[in-house]
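> Below are the sequence and a predicted model; questions follow.
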Amino acid sequence: MTTSPSSQFQDRMLSLGLARVSEAAALASAKLVGRGDEKQADQAAVNAMRTQLNMLDIAGVVVIGEGERDEAPMLYIGEEVGTGKGPGVDIALDPLEGTTLTAKDMPNALTVIAMGPRGSMLHAPDVYMDKLAIGPGFAPDTVTLAMSPQERVAALAKAKGCDVTDITVCVLERPRHEEVIGGIRETGASIRLITDGDVAGVMHCAEPGTGIDMYMGSGGAPEGVLAAAALKCMGGQIYGRLLFRNDDEKGRAAKAGITDLDRIYARDEMVTEDVIFAATGVTSGSLLPAVQREPGWLTCETLLMRSKTGSVRRMNYRTPIETT
């Protein structure tokens, strides 16, 4: 009798290994915080993450990665990682979510990785995605992409039983979002603008104490899948619709097997099976503290989550500098 990929996926056994992958990338990139070199910081994270992934007993395929094979020498989409001896798994990763944040020592740079059974994650092409996310505890379609920004704010306030002025929306600060920002401000709701890092932006909706109620706006589609994996563990809703600026981007979608270019993906359509997710702080932020350096030691904190159980762990890792 054959077993399905989901039954072979031992999420509990693999979760600590996934945390090690995320930690290694954070510790490697932390050495370049504030140094002004985005590419070098990203490459350090990529190298460390790949080394750790190849130690895991998995037959892994990167479905969300650094780009196409000809654009990224390592951790490219389609790259096989692991020893090849374990279960077949899909891997979505961003070795350094917030390269600019790291280079400038700004808040909320993270290393991020998610893993699920083979075939469990949307193979999102490297295009933009219109995203809308809220935290857990609301009826499906409380807010939708068909609504205007004003309607979304009003609908969420009604569902929360609060005034619209009590709602805070996280938006990526980009010229393309001027209309969205204007619509939100018309309602009297607050906006928290972020310069980069929309995976963390979406996660803020589901993390208590961040003060964020909703995320909206367009950003990278691969980051949308990573954010969906996080909300699969934390609870919450996310909707995404791919955006195409030219025929080349439509070609990328076709290459990824996407035929319905107007489809709106809900969370469980972007991530169809139970997954594990790990994120480690590089610079300090609302979700995680920065990597801390003291004489002879480095310390980092990792958020490790399993959607199967809904468990959320915060793990502190302290290691001698010479071993990193």
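Good, I have the coordinates.
> CA atoms for contacts and neighbours, from now on please.
Fine.
> per-domain residue ranges of the protein.
5-120+275-323, 128-270 (automatic domain parsing).
> Helices along the stretch 1-150 of the chain, start to end?
Applying DSSP state H, counting those that start in this stretch to the stretch 1-150 of the chain gives helices spanning 5-8, 11-30, 38-53, 99-103, 149-160.
> The ones you listed: lowest mean pLDDT?
Mean pLDDT values for the helices of the stretch 1-150 of the chain show the minimum at helix 5-8, a mean of 66.
> still on that earlier bit, now tabulate the domains of the chain in a markdown table and tack on mean neighbour count.
Below are the domains of the chain laid out as a markdown table (neighbours: other Cα atoms under 10 Å):
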| stretch | mean neighbour count |
| --- | --- |
| domain 5-120+275-323 | 21 |
| domain 128-270 | 19 |
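> so which of the helices of the stretch 1-150 of the chain gets nearest Q237?
helix 149-160 (12.1 Å; Cα to Cα).
> what about that closest one, distance to the chain center?
Mean C-alpha position of helix 149-160 versus that of the full chain (Cα atoms, centre = their mean, to the nearest Å) differs by 25 Å.
> There's contact between T272 and R118 in this structure, I believe.
No - applying Cα atoms under 8 Å as the test, T272 and R118 come out as separate, 10.4 Å apart.
> all strands of this protein, in order?
59-64, 80-81, 88-97, 110-117, 128-134, 168-172, 190-194, 214-220, 237-243, 264-266, 276-281, 292-294, 297-306, 311-320 (DSSP state E).
> ok, E249 to A278 distance?
29 Å (Cα to Cα, to the nearest Å).
> Please apply the same query to D247.
Taken as Cα to Cα, the span from D247 to A278 is 35 Å.
> now Q150
34 Å.
> ditto for H123
In terms of Cα to Cα, H123 sits 19 Å off from A278.
> residue contacts, L261?
Each residue near L261 by Cα atoms under 8 Å, 6 or more residues apart in numbering is listed here: 242, 250, 253.
> which one of these sits closest to N108?
L242 (25.0 Å).
> on that earlier part again, can I get the helices of the stretch 1-150 of the chain in CSV with distance to G310?
Shown next, in CSV, are these (distance: least, Cα to Cα, whole Å):
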stretch, distance to G310
helix 5-8, 17
helix 11-30, 12
helix 38-53, 24
helix 99-103, 29
helix 149-160, 22
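> closest to L110 out of the ones you listed?
That would be helix 11-30 among those, by Cα to Cα, at 7.2 Å.
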